[in-house]
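A.B. asks: Predicted model and sequence follow; I will ask about them next.
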Amino acid sequence: MRGWDAESPLSIARLGIIEKEEDREAGRPLAVLCVIDDEGSPEIVDTLLPAEGGPSRETMPEVLKALDLPPSGRMGADRTLAGRCDCWFTDDGWELREPTHLVSVSFVRTCFSVDSVIHEANDIVLLMDPDEPLDGRGDAEAGYRAQHRYINEAFERLFETNPGTRPGFSSWMTDGEPRHVKVVGDALSNEIAELHGRIGVRP
C-alpha cells in the first residue's frame, strides 16, 4: 500500500498474523505488524497486539525471522516486541529471550519550607526473585508478603545511595505500590547480565 503522497518513495504495509485457519475466517488477526519501506530500507514501525492473548510464544519469533526486518527504535517497535513477545533484534537477527523481571519501588519526600511545596522523587529498581513474584502467583497473602519484602529491600537500597535527611524536607515515604516492570532495552539488559554473571546466557 503506497503512502499518502503518491509522489513519496515511502511504502506502507500492514501484515496480519494468524495461527489457525479459524482466525483467518473470523477476520481476527492475533497481531498486526506495520512496515514502512523508505527508499529500500524497510523496517517494522509499529506492532498492534490485543490487551490479552495474541500469538503464542513460538509463533512471533518465527514470523519475525521469516520477515527478516529490523524494528524501528524511533517508533518504539523494538520495545513493544521485547515487552510483549520477548523477541529481541540483534546483529544476528531476531531471537527469543527469557524475560528479565524487575520491581520498581517509588519514594517521595516533601519540602514544606517553600511556597508552594515541592517534592523530590526517587525510584529504586530491584531484580525480581523468581521464587517470590510480586503478584504472589494469584495468592493474595503471598503477594502481600512479596510487596513488603521488596519495599523493605528498596528502603535499604535507598538509604545506601541517598545522603540522608535534608533541611526542610520530610522523611522518605513510598509513593504507591511496588510495580512489576520488564526489561526491554539492551543497555539495561547487558548491565544486569554483567552484575549477575549471565552474559550470553539465552533460553
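C.D. replies: Alright, I've got the coordinates.
A.B. asks: drop to CA atoms for contacts and neighbour counts, all remaining ones
C.D. replies: Fine.
A.B. asks: okay, now the closest residue to Gly143 other than its chain neighbours: neighbour count?
C.D. replies: The shortest distance from Gly143 to any non-neighbouring residue, by CA to CA, 6 or more residues apart in numbering, is to Gly136 (3.8 Å). Using other CA atoms under 10 Å, Gly136 has 16 other residues around it.
A.B. asks: close enough to count as contact, Gly136 and His148?
C.D. replies: No - using CA atoms under 8 Å, Gly136 makes no contact with His148, being 11.7 Å away.
A.B. asks: separation between Leu81 and Glu22?
C.D. replies: Leu81 sits 24 Å away from Glu22, going by CA to CA, to the nearest Å.
A.B. asks: where does the nearest residue to Pro99 once chain neighbours are set aside fall, phi/psi-wise?
C.D. replies: Computed as CA to CA, 6+ apart, the closest residue to Pro99 that is not its neighbour in sequence is Asp86, at 6.2 Å. Dihedral angles of Asp86 (phi, psi; degrees, to the nearest 10) stand at phi 60, psi 30.
A.B. asks: residues near Leu188, how many?
C.D. replies: Neighbour count of Leu188, defined by other CA under 10 Å: 11.
A.B. asks: can you check the one 3 residues further on too?
C.D. replies: Close neighbours of Glu191, defined as other CA under 10 Å, add up to 13.
A.B. asks: cool, and Phe107?
C.D. replies: Neighbours of Phe107 under the rule other CA under 10 Å: 21.
A.B. asks: Mind splitting the chain into its structural domains?
C.D. replies: 10-96, 101-182 (automatic domain parsing).
A.B. asks: Compare those domains and say which comes out lowest on pLDDT.
C.D. replies: In terms of average pLDDT, domain 10-96 trails the rest of the domains of the chain, at a mean of 85.
A.B. asks: What values do phi and psi take at the residue lying closest to Asp78 once chain neighbours are set aside?
C.D. replies: In this structure, Asp78 finds its nearest non-sequential neighbour in Pro71, 5.4 Å apart by CA to CA, 6+ apart. The phi/psi pair for Pro71 (degrees, to the nearest 10) reads phi -90, psi 160.
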